[in-house]
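Visitor: Would you be able to build a 3D model of this:
(chains A and B)
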Amino acid sequence: MLALAASAAALLVCPAPAEPGGRELVWAADPEGGAPFVEADPAHPDRLVGFEVDLAGLLAARLGLTPRFLNVAFTSIDQSIRRGDADIGLNGIEDTPARRAALATTIPYYEFREVLSVRTADAGRFRSLADLRGRRVATLGGTIAYEILQHAERDLGVRPVSYDDDLHPYSDLVLGRVDAVLLDNVLAERRRRTIPGFVVQPGSVAVGHYVGVLALANRRLRDAIDDVLRGAMRDGSLERIFRSWGIWNDDQRALYRRLLGGEPVPPATGFDAEPDLAAAGPWAAARRYLPSLLQASAVTLALSCLSMALAAGLGVLMATGRLYGGRALRSALAGYVELMRGTPLLLQLFVLYYGIAAAVRLPAFAAALLGLGLNYAAYESEIYRSALEAVPAGQLEAARTLGLSEAQVFRYVRAPQAFRLALAPMTNDFVALLKDSSLVSVLTVLELTKQTQIFATNLGSWVVPGLLCAALYLAMSLPLSALARRLERRWRVPA
Amino acid sequence: MSAAVLQAADVHLRRGPRTILAGASLEVEPGECVALMGPSGAGKTTTLRILTALEPFERGRIAIGSVELLGGRPPAPAALRQLRRTVALVFQFHCLFEHLSALDNVCLAPVHVYGTPAAEARRRAHGLLASLGVDHRAGALPRELSGGEAQRVAIARALAVDPQLLLMDEPTASLDPDRRAELAALLRGMAAGGRSLLVATHDEGFARQVATRVVRLEAGRLAPA
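Guide: The predicted structure is shown next:
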């Protein structure tokens, strides 16, 4: 205890190099993750509850500091800690070789098991990953479970599906969009209580640990926190916290015994972890990830091209309807345009994929294609409408006096000129769509940005993955812009 | 029943409080070139637009060839189709299709409206352009043509559907004196060939040069000048 007090005093006199905390212990987490980790108290939404909240309070109290919470998106916690936004990240963060290399990780304070969940009806046939050849298995992107699934893809023919949260893997499991979910037992048990229709298989695929993460420059604070954790293991404080959240079990007792006995604890056991990417160097890591990034680029390109084709086709129909249709059709189309332009694309994607899943169960790629296509159709229709209106009325009348029907006037006179006028804004929209396609990762489509995010999480840095990702986006968008410029020059319409 | 190509009787049109035509009547015989004169804003262009059914009129009767237009009633689709075969209009600003070459401007209606085979339509279009002295510009886009060339292409486009009656709106607006004289000779030749022409212009000299008869539009009525 004396040693602890001395450490804390030293920290207060000589603040750690990264000092967002001062006399506070600033801890980062994402309340969206929910209980038992961190969530807004349902009774008092301005307060946070969860075992991480209790743990942060315990650490701060024993260090003589005041805990202060910082809300950081789960996938950004590592980067935020490296930036020095907070002293420590506590959010069910997994211990991995990459994290140990890139950050100062605490000793593990909780041991979890990666468990397989399957629909109740499949409990007898999907007992392990080996039973899931050719099947879609869901998990959270950038986690140990995802890495396990990547190995299983190579070795067992399993098809990994990456999610951004831990709710939709289970809801999609019950809906039949995936055949199994691999996540830790804490998350699986949490969802099993609220989502009926699946079971958690008894065996574990791997074992891992939750740790706190600090910046490398904050090793002294990390050491002090490790001392506090050991003390809390020894005096039963940690056990009380985990019991109060219903997640205490014998695995923790065994873990604490090993830690207090000075035994080293590996990050994860039960599978062959990837060699540390960060240690391999960013360029070696880039070479390793390049095939996945190229594959994700192909998904991005295919999705963008198909969505744009859909948007252009619908856009032409809508623009034509708004110019030639009756009042009711014009009002309906104007309403559609305002609805699609006035609400976030992300929301539309969620509604298409999850919102109407009970009635229409669209595959992820189809939902992504439809979502992007329907959204961009609204913008395209406005471009085409203004381009069609820009064709001089005199030319249309000249065509009519020559005997052309309205359909022929449209086909031979109006549309060809409008298309040339619309080409530049269409190209702009295509490049924008190429980038907006990154939003569809929320529907489990593994496109370029999502793959880059996974790469960055595993590497512990955004610099090289970010550069590679930008280069790939540019490689896709620049030729498009050049082609559009050439067509514009060739088909130039005088002002 | 007269052999007149155009017979307009007691045509009325108001736009808001303004009277455009107040019982206007006019006849144009085959091979006749009539100049329609009047001050700016008198309604010359509107009269041509009424004759091509681009604008409705309120009262009166217009007969062009075998087509009859009645005031206050939109023409039936069949009548409109027949009207398009009978009368053609050359707009003041030519209104050529900007994305098509001069040749394609001339071929568009024959090919797509009247079903003329493309090769035949092109042969005839070259003939028309040659007769108007602009065949060497057949491949040019409208933006590459001078004002006089564009006007001749617009005339060729109108003649490509072989109308009985050719209407022209201010044809000398963008022409210098030499081109004006050439155009006058061209129109006289067309009238001599049996085609009827109604030319709206405020250019007195040109009207005297080209027309077999001049009518003046004033206060909504047409009267011999």
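Visitor: ok, residue A:177 touching residue A:362?
Guide: No. Using Cβ atoms under 8 Å, residue A:177 is not in contact with residue A:362; the gap is 9.2 Å. Just so you know, the C-beta spots here come from the backbone N, C-alpha and C atoms, and that holds for glycine as well.
Visitor: Those two: who's more crowded?
Guide: residue A:177 (21 against 17; other Cβ atoms under 10 Å in any protein chain shown).
Visitor: residues touching that one, list them.
Guide: Listed by Cβ atoms under 8 Å, 6 or more residues apart in numbering or on different chains, the contact partners of residue A:177 are A:136, A:357, A:361, A:363-364.
Visitor: farthest pair in the residues you listed?
Guide: Greatest spatial distance among those (Cβ to Cβ): A:136 and A:357, at 15.1 Å.
Visitor: Counting neighbours, what do you get for the residue nearest to residue A:403 when sequence neighbours are not counted?
Guide: Excluding its sequence neighbours, the residue lying closest to residue A:403 (Cβ to Cβ, 6 or more residues apart in numbering or on different chains) is residue B:84, at 3.6 Å. Neighbours of residue B:84 under the rule other Cβ under 10 Å: 23.
Visitor: quick one: residue B:84 from residue A:416, how far?
Guide: 21 Å (Cβ to Cβ, to the nearest Å).
Visitor: What mean pLDDT does stretch A:430-442 get?
Guide: What stretch A:430-442 shows for mean pLDDT is 88.
Visitor: average pLDDT for the longest helix seen in chain A?
Guide: Longest helix in chain A, counting residues (DSSP state H): helix A:282-324. The average pLDDT within helix A:282-324 is 91.
Visitor: ok, now stretch B:131-147?
Guide: On average, stretch B:131-147 scores 91.
Visitor: Could I get the CA-only coordinates of that stretch as CSV?
Guide: Output of stretch B:131-147 as CSV, limited to C-alpha atoms (Å, rounded to 0.1, in the frame of the first residue of the first chain):
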residue,chain,number,x,y,z
SER,B,131,-29.2,23.7,-103.7
LEU,B,132,-28.8,26.2,-100.8
GLY,B,133,-25.0,26.4,-101.3
VAL,B,134,-24.0,24.9,-98.0
ASP,B,135,-23.3,21.3,-98.8
HIS,B,136,-19.6,21.9,-98.1
ARG,B,137,-20.6,22.5,-94.5
ALA,B,138,-22.6,19.3,-94.2
GLY,B,139,-20.4,17.8,-91.5
ALA,B,140,-20.2,21.0,-89.4
LEU,B,141,-21.9,21.4,-86.1
PRO,B,142,-24.3,24.3,-85.7
ARG,B,143,-21.8,26.2,-83.5
GLU,B,144,-19.3,26.1,-86.4
LEU,B,145,-21.6,27.7,-88.9
SER,B,146,-21.9,31.4,-89.7
GLY,B,147,-25.4,33.1,-89.3
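Visitor: is chain A contacted by that stretch?
Guide: Yes. For stretch B:131-147 and chain A, the contact criterion (Cβ under 8 Å from any Cβ of the partner chain) is met by residue B:143.
Visitor: Identify the residues contacting that stretch?
Guide: Outside stretch B:131-147, the residues within contact range by Cβ under 8 Å, 6+ apart are A:494, B:94, B:96-103, B:105, B:125-126, B:129, B:149-150, B:152-153, B:155-156, B:174-175, B:179, B:182, B:186.
Visitor: Of these, which qualify as buried by neighbour count?
Guide: The neighbour-count test (16 or more other Cβ atoms under 10 Å in any protein chain shown) marks B:94, B:96-103, B:105, B:125-126, B:129, B:149-150, B:152-153, B:155-156, B:175, B:179, B:186 as buried among these.
Visitor: list the contacts for the nearest residue to residue A:197 once chain neighbours are set aside?
Guide: Closest residue to residue A:197 apart from its sequence neighbours, by Cβ to Cβ, 6+ apart: residue A:174 at 4.1 Å. Contacts for residue A:174 (Cβ under 8 Å, 6+ apart) come out as A:119, A:195-198.
Visitor: how about the residues of chain B near chain A?
Guide: Going by Cβ under 8 Å from any Cβ, the residues of chain B near chain A are B:52, B:54, B:81, B:84-85, B:87-89, B:91, B:93, B:95-99, B:108-109, B:112-114, B:143, B:157-158, B:161.
Visitor: Filter the residues you listed down to the ones in helices?
Guide: B:81, B:84-85, B:108-109, B:112, B:157-158.
Visitor: Let's see the longest helix along chain B as PDB, backbone CA atoms only.
Guide: The residue-count maximum for a helix in chain B (DSSP H) belongs to helix B:177-192. The C-alpha trace of helix B:177-192 is given here as PDB (Å, rounded to 0.1, in the frame of the first residue of the first chain):
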ATOM      1  CA  PRO B 177     -26.900  43.000 -97.400                       C
ATOM      2  CA  ASP B 178     -25.200  40.500 -99.800                       C
ATOM      3  CA  ARG B 179     -26.600  37.500 -97.900                       C
ATOM      4  CA  ARG B 180     -30.000  39.200 -97.800                       C
ATOM      5  CA  ALA B 181     -30.100  39.600-101.600                       C
ATOM      6  CA  GLU B 182     -29.000  35.900-102.000                       C
ATOM      7  CA  LEU B 183     -31.800  34.800 -99.700                       C
ATOM      8  CA  ALA B 184     -34.400  36.900-101.600                       C
ATOM      9  CA  ALA B 185     -33.300  35.200-104.900                       C
ATOM     10  CA  LEU B 186     -33.600  31.800-103.200                       C
ATOM     11  CA  LEU B 187     -37.100  32.400-101.900                       C
ATOM     12  CA  ARG B 188     -38.300  33.800-105.200                       C
ATOM     13  CA  GLY B 189     -37.000  30.700-106.800                       C
ATOM     14  CA  MET B 190     -38.800  28.500-104.300                       C
ATOM     15  CA  ALA B 191     -42.100  30.300-104.900                       C
ATOM     16  CA  ALA B 192     -41.500  30.100-108.700                       C
END
